[in-house]
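Asker: Return atomic coordinates for the entry below.
(chains A and B)
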Amino acid sequence: MSLPPPPAPAAWPPPDATIVAYDVSRSFGSLVAVSSVSVAVQPGVSALLGPNGAGKSTLLRMLSGQIKPSSGSVWVAGGDPRTDAEARDRIGLVPQQDGVFEREKALDVVRLAAILSQLDNVEERARWALGLVELDPDLDRPVGAFSKGMRQRVKIAQALVHDPVVLMMDEPLNGLDPRQRKQMISLFHELGNRGKSVLVSSHVLEEVERLGSHVIVIAKGRLAAQGDFRAIRSLMDNQPLRFRVVCTNARRVAASLVERSAVIGCSVASDTEIEITTDDAKVFRRAIAAVCRNVGARLEEVAPLDEDLESVFRYLVGAGG
Amino acid sequence: MTPFFTLYRLFLRNQLTTGRLVLIGALSAIAIILGFATGASDPFDPVETATGVVWFFGIGLMVPIISLVLSSSAFGDLQADETLVYLWHRKTPRWQLAAAAWLAPATIAVPATALGLVICALLITGFSAKVFFGTLLAVVVAAIVYSAAFTLLGLLFRRALIIGLMYLFIWEQFMARAGGGAATLSINTYPSSVLAQITDVELFLADRSIAVGLIVPIVLSILALVATSRRLNRMDVA
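Answerer: Purely as a prediction, here's the structure:
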């Protein structure tokens, strides 16, 4: 089983990378939260994926300059965000925590961010940013009285107000309802299409799948994989793959399939559905149509069960462990 | 609005909680009652008595406690609710963040302590220019330097309030009063010296000149501000 090889020095980082971390590690006492991670993020939407406690937030905090790596180096949008205020200002940050100046109104929170970024047209920009996240700038309630989803949108608005080159967001979709999630994901894509580097961390796999095809997978503090998740998935070709077969006469089809060398597991879920495990997907795909024809069954669907991100994640986390 | 003034206003608003206002009101009320009761007892030397009360209760307790409660919470509150990152991550210079966090509680502490203590002193002496100006200047100096020191403390420690109280009661009230070099390391010595010099009343371990009494707190405040800025530069922010 092989994971993506470590980046070759000559080809890495990519010339258009806006976020580069080289061999970064961070320990808290004896706990190693992130260990020797090298990542490069280019313009577009990228997802930082990993289970809770994998080290995603620690890595994101190192990338944003919030915490200093124990070793290694970070470069974001032209500088080290810990020491270079201008580089830091090119980042829009949505931290993980809920707290957002509970006593202030949404417009005041975003206005504060605009003033601290030394923008000229503070009021206009604050209203624009709140508009992007579909929040009414004239809401008269303090943020403390907002729902979690509304607070999340205030956090995103304050990160967007200065139109940063890089956006780093730690679980930004938490607390949003499905419609808001869809709207935010489309906003992130729009920003990515405009050349921004949007890095979004999440442990919710279906969210990540919709966010973008470029993923950085962190497991147990280590980089498990980085790249297009379909490409990562292709690394698993030597692993058993699962397919769902929908057909008539499922039991006879299943009985016939288990005799095939490519099929190493088979379970009949219902009269019309079979779950197959195969160690050779190509051979299986060729065989299934013939088997159905031979037993007089009508084949309706052959769907891979392992192409989703969940499978990639499960595989990689297993491999990282 | 400038970033500095915006930060200052934010810190100021955060300071004004009911609990803190009650504490300030209670200590001010105690100061006035103390002044009234002492004045009514017809002291032998009102100037010496008023100076002693301002020194012991005002500069020894009221000013440092109010400054500690207000200033340690300037960064402490932001760290507790994890909102410091929203200020810290912007490009506004660290010194402006540090200065705003120091100035906001000082803005409350100075009038809040000066008013009660000046009334206290005047209730004992009637109008006495040297007691009035001595109290006013000593309280302002004390509030400014304690605010700077406790703003730093609030950034350094999560339990700054407890550590500050330990400093006040163990170091300043006990160890420093053993005299010698320890008193030099006590903030209290300097505003006390200002009070003693202006009122011309001898106070225990308050034997610095008025210049030293003014310059050292200013230098200490600047050093605390520099240390706060440096700490902001180097710290990890959640």
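
Asker: Only alpha carbons, please: show the helix or strand harbouring residue A:276 as PDB.
Answerer: Using DSSP states H and E, residue A:276 sits within strand A:273-278. C-alpha atoms of strand A:273-278 as PDB (Å, rounded to 0.1, in the frame of the first residue of the first chain):
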ATOM      1  CA  GLU A 273     -29.600  -5.600  -4.600                       C
ATOM      2  CA  ILE A 274     -26.200  -7.300  -4.100                       C
ATOM      3  CA  GLU A 275     -23.000  -5.900  -2.400                       C
ATOM      4  CA  ILE A 276     -19.900  -7.200  -4.000                       C
ATOM      5  CA  THR A 277     -16.300  -7.000  -2.800                       C
ATOM      6  CA  THR A 278     -13.700  -7.400  -5.600                       C
END
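
Asker: Point out the other helices and strands that whichever helix or strand comes after that strand packs with.
Answerer: Using DSSP H and E, the helix or strand that follows strand A:273-278 in sequence is helix A:281-295. Applying 3 or more CB pairs under 8 Å, 6 or more residues apart in numbering or on different chains; DSSP states H and E, one finds that helix A:281-295 contacts strand A:241-247, helix A:250-257, strand A:299-304. Using the backbone N, CA and C atoms, a C-beta is placed for each residue, glycine as well.

Asker: Quick one: the ones you listed as CSV, columns for mean neighbour count too.
Answerer: Shown next, in CSV, are the helices and strands packed on helix A:281-295 (neighbours: other CB atoms under 10 Å in any protein chain shown):
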stretch, mean neighbour count
strand A:241-247, 19
helix A:250-257, 18
strand A:299-304, 13
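
Asker: Let me know how buried residue A:96 is, in neighbour terms.
Answerer: With neighbours defined by other CB atoms under 10 Å in any protein chain shown, the count for residue A:96 comes to 18.

Asker: Same question for residue A:211.
Answerer: Number of residues near residue A:211 (other CB under 10 Å) recorded here: 25.

Asker: That one and residue A:202 touch, don't they?
Answerer: Yes - using CB atoms under 8 Å, residue A:211 is in contact with residue A:202, at 7.2 Å.

Asker: Quick check: neighbours shared by those two?
Answerer: Counting by CB atoms under 8 Å, 6 or more residues apart in numbering or on different chains, the contacts common to residue A:211 and residue A:202 are residue A:47.

Asker: looking at the chain, which helix or strand does the model trust least?
Answerer: Chain wasn't specified; assuming chain A. helix A:309-320 (a mean of 63; mean pLDDT, DSSP states H and E).

Asker: not quite, I wanted chain B
Answerer: Lowest on mean pLDDT, DSSP H and E among the helices and strands of chain B sits helix B:181-184, with a mean of 79.

Asker: in that helix, what counts as buried?
Answerer: Buried positions in helix B:181-184, judged by neighbour count with 16 or more other CB atoms under 10 Å in any protein chain shown: B:182-183.

Asker: next helix or strand past that helix?
Answerer: Using DSSP H and E, the helix or strand that follows helix B:181-184 in sequence is helix B:189-199.

Asker: tell me what that next one is packed against?
Answerer: Against helix B:189-199 (3+ CB pairs under 8 Å, 6+ apart) you get helix B:46-53, helix B:129-156, helix B:210-234.

Asker: Could you single out the most deeply buried of these?
Answerer: Comparing these by mean neighbour count (mean count of other CB atoms under 10 Å in any protein chain shown), helix B:129-156 ranks first with a mean of 25.

Asker: I appreciate the help and will end here.
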